[in-house]
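**Student:** Just a sequence and a predicted model for now, questions to come.
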Amino acid sequence: MAEATKKYIDWYLFLATTLLMLLSLAFVYTASASYSSEVLKHGTESVFFSHTIKTLIGFLMMIAAILPDYKFYQKISKPLIILSVFALIVVFAFAAEKGAHRWINVGFISFQPSDLARIALILHLANLLARNNQHIKSFKEGFLPMMVWMFMLMVLIALEPNMSTVVAFFLISISMMFIGNVNIKHLLLTFAIILVVGVGYSLTASYRVNRLMAYFSKADTTVVSNPAVKYQLDQSLLALGNGGLTGVGLGQSRQSQLFLPESYSDFIFSIVGEELGFVGLFFILGLYIFIIYRGFKIAKNAPDLFGYFVATGITISFSIYVLLNIGVNCGLLPTTGLPLPFISHGGTAVLFNSLAIGILLNISSQTNVFAKKNPLVESLDSSPVEMPEELKEINIIDPNQQNNETT
């Protein structure tokens, strides 16, 4: 691969991501106004202000992630994943209340370690794939080290419990290892084991069973013991149906008036569809597809294996979260709790998605693909410079030769 030299970032990726951030401010405000006013009793802007602050911090994190050489992330990948494991253990060990334990409350801020763990996993898998590339087919030297970290994080997240994030982690890891040319037999065996264990674990909790029954039963409400699960999906589909082609108008959503639960976070895609219609959703999807395209282009032109695997992992992660969230909102997948990148009021997800894009932009600055070009310099480099005829007639004497003759 080409030698790394600092050039210019992929400004198209930067602008597309920034546009999504700005659009999210309007979407979160319209989707959360009723909830902030009627439930939180803090006025219509409560959730909006929280999201605005996190978006601003995320934007600054994206800029900061561009500054160091991206190989810095290779050096800190192992300490970062160890920190993620420790944070997940803290969540599991010291959670006070019953139910799902996914957050660490540190005074003025709540922190979700699984978001940090996702970035740490991508960086460390990329490090292992690049470092052990010569032994990648080996079970002990190539496959096993990656499996240890992947399983450790997945088990800790499953204990929260947070099965949707476990599924996302598994898909990201398997995709990276497949692209990294890991032995396909090892991957198939792992996939089979995870599938069996995952199905069995999903049936151990009534709320997960209800979600699966609501998904497979569709119109038959008699088989669902908890109608609230199916109610959320029905309201989501109703919002998309109300939107039609051009939508009911920004801020005119009916489903956000406390009819659709989580309307400003996991199900904000449906609210956008109701307010802006198919046209608005098509534009949002276009931005996502464009970001994914630029991400894979950066990976293709990365200066080394680590950069290639990091860019690939970040782009795959982004794609999976987009597909899973949209699939849930449209009723194509069972209901899960994954936010829509850069649009949902996703808490720390906004921060770490911004960090991931910043790392991707960092790699893009060393691909020699996005450098600014000077047409004059290009023309001089590409075509030979011929001496004018009048200069050819001038007898130019070499100074060294002149000195010798004088001597």
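**Tutor:** Done, it's in.
**Student:** Please make it C-alpha for all contacts and neighbour counts, starting now.
**Tutor:** Will do.
**Student:** Just the mean pLDDT for stretch 245-261, thanks.
**Tutor:** Averaging pLDDT along stretch 245-261 gives 92.
**Student:** same question, stretch 166-184
**Tutor:** Model confidence over stretch 166-184, given as mean pLDDT, is 94.
**Student:** In the stretch 301-407 of the chain, where is pLDDT below threshold?
**Tutor:** 346, 370-407 (pLDDT under 70).
**Student:** one more time with 90
**Tutor:** 331-338, 345-348, 366-407 (pLDDT under 90).
**Student:** need the helices for it, in chain order.
**Tutor:** Remark: helices assigned in the stretch 301-407 of the chain by DSSP state H, counting those that start in this stretch are 305-329, 348-364, 375-382, 389-392, 399-406.
**Student:** now do the stretch 101-250 of the chain
**Tutor:** 113-131, 144-158, 163-179, 184-202, 206-217, 227-243.
**Student:** just those helices: most buried one?
**Tutor:** helix 113-131 (a mean of 24; mean count of other C-alpha atoms under 10 Å).
**Student:** Tell me which other helices or strands it touches.
**Tutor:** When contacts are defined as 3 or more C-alpha pairs under 8 Å, 6 or more residues apart in numbering; DSSP states H and E, helix 113-131 packs onto helix 71-75, helix 77-94, helix 144-158, helix 163-179, helix 305-329, helix 348-364.
**Student:** hmm, 6 Å instead?
**Tutor:** Helices and strands touching helix 113-131, by 3 or more C-alpha pairs under 6 Å, 6 or more residues apart in numbering; DSSP states H and E, are helix 77-94, helix 305-329.
**Student:** Just send those helices back as a markdown table, with distance to residue 128 and mean neighbour count too.
**Tutor:** Shown next, in a markdown table, are the helices and strands packed on helix 113-131 (distance: least, C-alpha to C-alpha, whole Å; neighbours: other C-alpha atoms under 10 Å):
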| stretch | distance to residue 128 | mean neighbour count |
| --- | --- | --- |
| helix 77-94 | 10 | 18 |
| helix 305-329 | 9 | 23 |
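**Student:** wait, which of those helices is closest to residue 29?
**Tutor:** helix 305-329 (19.1 Å; C-alpha to C-alpha).
**Student:** got a list of contacts for the closest one?
**Tutor:** 122-123, 126-127, 130, 172, 292, 295, 299, 302, 333-335, 338, 340, 360 (C-alpha atoms under 6 Å, 6 or more residues apart in numbering).
**Student:** ok, now with 7 Å
**Tutor:** Here helix 305-329 makes contact (C-alpha atoms under 7 Å, 6 or more residues apart in numbering) with 122-123, 126-127, 130, 168, 172, 176, 236, 267, 269-270, 292, 295-296, 298-300, 302, 333-336, 338-341, 356, 360, 363.
**Student:** Repeat that for stretch 165-183.
**Tutor:** 118, 129, 136-137, 143, 154, 157-158, 313, 316-317, 320.
**Student:** Closest one of those residues to residue 75?
**Tutor:** Among those, and counting by C-alpha to C-alpha, the member closest to residue 75 is residue 129, at 14.1 Å.
**Student:** Could you pull up the contacting residues of the closest one?
**Tutor:** By C-alpha under 7 Å, 6+ apart, the contact list for residue 129 reads residue 180.
**Student:** Just the pLDDT at it, thanks.
**Tutor:** On the pLDDT scale, residue 129 gets 95.
**Student:** do residue 159 as well
**Tutor:** On the pLDDT scale, residue 159 gets 84.
**Student:** How about it, nearest residue that isn't a chain neighbour?
**Tutor:** Nearest non-adjacent residue to residue 159, counting by C-alpha to C-alpha, 6 or more residues apart in numbering: residue 92, 7.1 Å away.
**Student:** Surely the one you found is in contact with residue 158?
**Tutor:** No - the criterion here is C-alpha atoms under 7 Å, and residue 92 misses it with residue 158 at 10.1 Å.
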